[in-house]
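# no FASTA, just this:
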């Protein structure tokens with residue numbers, strides 16, 4: 001009888017773990033609005049153009065950093081909080 005109860009408890013623990021993992025994965029998903037997606041895209045395009053200007057020698061690293069910081073403020077990309085600070 002005791003072995004049967006242990007088996008049921010183990011089964012319940014596994015079920016609870018699965019549900020907890022699902023909940024954690026779901027709660028970490030970010031659902032973007034159309035406006036947020038547009039900001040992400042605009043930031044990406046602006047940075048690509050900026051990197052091209054830098055690689056062609058049309059702007060200095062200092063100007064690149066200043067414009068990058070301005071782009072982050074303007075477009076507010078989702079991951080801007082963890083992006084390296086521009087100096």
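Received it, and whenever you're ready, just let me know what you need. This structure is a prediction, so every number in the text was calculated from the model and none was measured.
# From here on, just use CA atoms for contacts and neighbour counts.
Fine.
# what about stretch 66-78, average pLDDT?
The average pLDDT for stretch 66-78 rounds to 85.
# For residue 37, pull up the helix or strand it's in.
helix 34-55 (DSSP states H and E).
# ok, and what's touching that helix?
Residues outside helix 34-55 that contact it (CA atoms under 8 Å, 6 or more residues apart in numbering): 59, 60, 61, 64, 67, 68, 71, 72, 75, 76, 77, 78.
# Remind me what the next helix or strand after that helix packs against, helices and strands.
For helix 34-55, the succeeding helix or strand toward the C-terminus, using DSSP H and E, is helix 61-75. Identification of packing neighbours for helix 61-75 by 3 or more CA pairs under 8 Å, 6 or more residues apart in numbering; DSSP states H and E yields helix 34-55.
# Give me the buried positions along the helix it packs on.
39, 40, 42, 43, 46, 47, 50, 51 (16 or more other CA atoms under 10 Å).
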